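Enquirer: Next one to model:
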Amino acid sequence: MKSERRSIIKKLFASVAGIAGIGAASKVVAGPAGAEAAPIEASASRHESGGMEMSQDLFAGHTIFNNMVFIAGKGAHVPGDVTSHTKIVLDAIEEELKKAGSSMDKVLKVNVYLDKIEDWATMNAVYKGRFGKKPPVRTTVAVKGIPGNSLIEIDCIAYI
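Expert: Model prediction:
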């Protein structure tokens, strides 16, 4: 029993270490005891933050693990208001989902980060209806200092 727990813990740490070290190539990580290893695939897209291009080795646009897709936070790094920024970000999320073989109606979880919570209603007006008939669960918080002076950043988890 103790050795089985130790084996599970070792596989868990190997899995976490594998996820933390994702590069542009696929990797295989250990899963739960008795389960087959699952490939992790990361996109090799470039990202911009405040006019500065960030290299692909800083983070991936999306990562696929089993049939799950994890989309990196997207911001709007151009002049504009929260309405235009929300549209830009949702369009970027949709594009990244398509690259990963998924779509907006397969999104399960969304995190929205607003520069000002006062923009919540305005953001919702643009957000509404973008994720199909059954919207995903969502967390919305106000944070100060979104990189690149974006008024909003969104990340999500979907399935393929």
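
Enquirer: ok, which stretches of this structure are helices?
Expert: Per DSSP state H, the chain carries helices over the ranges 2-20, 82-99, 120-127.

Enquirer: contacting residues around A100?
Expert: Listed by Cβ atoms under 8 Å, 6 or more residues apart in numbering, the contact set of A100 reads 43, 62, 64, 69, 71, 158, 160. C-beta coordinates here come from the backbone N, C-alpha and C atoms, glycine included.

Enquirer: any idea how far it is from I152?
Expert: Remark: distance between A100 and I152 (Cβ to Cβ, to the nearest Å) = 21 Å.

Enquirer: Out of the contacts of A100, which sit inside strands?
Expert: Here DSSP state E is the test, and those give 62, 64, 69, 71, 158 as lying in strands.

Enquirer: wait, doesn't the third one sit right on A158?
Expert: Yes. Here V69 reaches A158: they are 4.7 Å apart, a contact under Cβ atoms under 8 Å.

Enquirer: shared neighbours, these two?
Expert: 97, 100, 102.
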